[in-house]
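In: quick one, structure for this:
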Amino acid sequence: MPYQPRVAILVPGADYGEHWHPALARKTAALTAAGLAVEPRVWTDPGDLSGFDLILPLLAWGYPRASARWYALLDRLEAEGLRVANPVPVLRWNSDKAYLAELGAKGVAVVPTIEVTALDDAALAAARAALGAEELVVKPPVSAGSDGTHRLAADAAVPPDARGQRRLIQPFMPGVLAEGEYSLFLFGGRFSHAIVKRPAAGDFRVQPQFGGREEIWTASAAARSLAESALAAAPAATIYARVDMIGDGRGGLAIMELELIEPQLFLNFAPDGGAAFGAAVAGALLTGP
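Out: Prediction:
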């Protein structure tokens with residue numbers, strides 16, 4: 001019987017509240033169809049990983065709530081010389097949304113972002129002036145699923161949980177209400193599929209836990225080009241990627257976020273059911289570390 005490469009998918013612990021098993025099942029099915037043997041390992045205590053041919057942090061959900069532990073795991077994976085997809089330098093870079101400023105500096109269209117070391121009323125007022133926007137979004141630089149994200153009206157003060165904390169400030173992009181947020185998926189650098197995510201009435205967050213919904217979207221050439229440009233600015237090539245973007249209000253698009261660690265891949269919307277994803281991961285095992 002031919003050898004089946006062993007792949008570990010890092011998953012949350014039993015105490016993680018969000019239901020992640022359907023996402024694991026879809027990703028496992030795609031990888032198994034590509035000839036890989038898949039085993040889940042809890043990311044906070046994965047045990048000995050030396051017997052695996054590849055480590056995938058695809059369901060390391062909850063890492064922003066335990067960032068010190070997450071960075072320690074990345075250090076360990078690197079020190080042990082384990083093969084990881086995406087590569088550890090990409091995971092470390094993508095863990096902190098300060099990378100948005102780096103993308104912008106490289107000419108990639110991003111949602112304007114200001115980083116504040118310790119948020120207070122003066123810093124919020126200065127950000128409003130600098131961004132030329134009264135309505136803002138404030139979010140932690142290490143976060144997922146809109147955790148700690150606030151939409152602030154023109155006269156709103158600093159949210160209590162953000163006061164004195166390092167935060168990113170962005171203009172509120174009304175396009176999310178009118179058009180939604182777009183997500184493009186690329187495997188092995190090649191476009192697979194795209195969706196549009198829309199918030200529930202009265203909300204601005206597009207995640208399912210807040211009532212958001214998604215549907216297939218035909219990505220424009222401009223959207224695909226922007227996604228490719230953003231990924232080209234990452235520290236290394238990616239095996240899988242989700243690129244979130246939004247209309248900029250001027251007929252263009254702007255990157256909201258790169259999801260290169262543990263994205264929902266929405267393989268149920270992929271025309272091939274996830275075959276390109278499985279092939280990209282399997283192909284990573286045929287190349288150098």
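
In: shaky segments in this protein?
Out: Along the chain, segments meeting pLDDT under 70 span 1, 17, 145-146, 177, 200-213, 287-289.

In: tell me where it has strands.
Out: With strands called from DSSP state E, the chain shows them at 6-11, 37-42, 54-56, 114-116, 136-139, 150-152, 167-171, 181-187, 190-198, 213-216, 240-247, 253-259.

In: report all helices and strands that the second one contacts.
Out: In this structure, strand 37-42 packs against strand 6-11, helix 21-33, with contacts taken as 3 or more Cβ pairs under 8 Å, 6 or more residues apart in numbering; DSSP states H and E. Heads up, the C-betas are built off the backbone N, CA and C, glycines and all.

In: does anything pack onto the longest one? Which helices or strands?
Out: Looking back up the chat, that one is helix 21-33. Partner elements for helix 21-33 (3+ Cβ pairs under 8 Å, 6+ apart): strand 6-11, strand 37-42, helix 275-284.

In: now mean neighbour count and distance to Pro64 too, for those, in CSV please.
Out: CSV is the format used below for the helices and strands packed on helix 21-33 (neighbours: other Cβ atoms under 10 Å; distance: least, Cβ to Cβ, whole Å):
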stretch, mean neighbour count, distance to Pro64
strand 6-11, 22, 14
strand 37-42, 17, 17
helix 275-284, 21, 24
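
In: compare these and give me the one nearest Leu49.
Out: Ranking those by proximity to Leu49 (Cβ to Cβ) places strand 6-11 first, at 6.0 Å.

In: list the contacts of that closest one.
Out: Residues external to strand 6-11 that are found in contact with it (Cβ atoms under 8 Å, 6 or more residues apart in numbering): 20, 24, 27-28, 31, 36-43, 46, 49, 51-61, 262, 281.

In: relative to the whole chain's centre, how far out is that strand?
Out: Averaging C-alpha positions (Cα atoms, centre = their mean, to the nearest Å) puts strand 6-11 18 Å from its chain's average.

In: angle of that strand against helix 275-284?
Out: 120 degrees (axes from the mean of the first three to the mean of the last three Cα atoms, to 10 degrees).

In: strand 6-11 pairs with which strands?
Out: strand 37-42 (parallel), strand 54-56 (parallel) (DSSP bridges).

In: still on that earlier bit, which of the contacts of strand 6-11 are buried?
Out: For these, a burial check counting by 16 or more other Cβ atoms under 10 Å picks out 20, 24, 27-28, 31, 36, 38, 40-41, 43, 46, 49, 52-61, 262, 281.

In: which one of the strands paired with strand 6-11 lies closest to Pro2?
Out: Proximity to Pro2, assessed across the strands paired with strand 6-11 by Cβ to Cβ, is greatest for strand 37-42 (11.3 Å).

In: which residues touch that closest one?
Out: 4-13, 24, 28, 31-32, 47, 49, 52, 59.

In: on that earlier part again, for Ile114, find the nearest of the helices and strands packed on helix 21-33.
Out: Taking these one by one with Cβ to Cβ, strand 6-11 is closest: 32.3 Å.

In: can I get that closest one as CSV, trimmed to CA atoms?
Out: Presented in CSV, the C-alpha positions along strand 6-11 are these (Å, rounded to 0.1, in the frame of the first residue of the first chain):
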residue,chain,number,x,y,z
ARG,A,6,0.5,12.3,7.7
VAL,A,7,-1.0,15.8,8.3
ALA,A,8,-1.9,17.3,11.6
ILE,A,9,-4.7,19.9,11.7
LEU,A,10,-4.5,22.1,14.8
VAL,A,11,-7.9,22.5,16.4
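
In: so how far is Thr218 from the spatially most central residue of the chain?
Out: Closest to where the C-alpha atoms of the chain average out (Cα atoms, centre = their mean) is Glu259, at 2.0 Å. In this view, Glu259 and Thr218 are 20 Å apart by Cβ to Cβ, to the nearest Å.

In: and the helices and strands packed on strand 37-42 as a markdown table, adding distance to Asp155?
Out: Formatted as a markdown table, the helices and strands packed on strand 37-42 follow (distance: least, Cβ to Cβ, whole Å):
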| stretch | distance to Asp155 |
| --- | --- |
| strand 6-11 | 43 |
| helix 21-33 | 40 |
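
In: coming back round to it: how about the strands of the chain in TSV, adding distance to Arg128?
Out: Below are those laid out as TSV (distance: least, Cβ to Cβ, whole Å):
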stretch	distance to Arg128
strand 6-11	39
strand 37-42	42
strand 54-56	41
strand 114-116	10
strand 136-139	6
strand 150-152	9
strand 167-171	8
strand 181-187	23
strand 190-198	27
strand 213-216	31
strand 240-247	20
strand 253-259	19
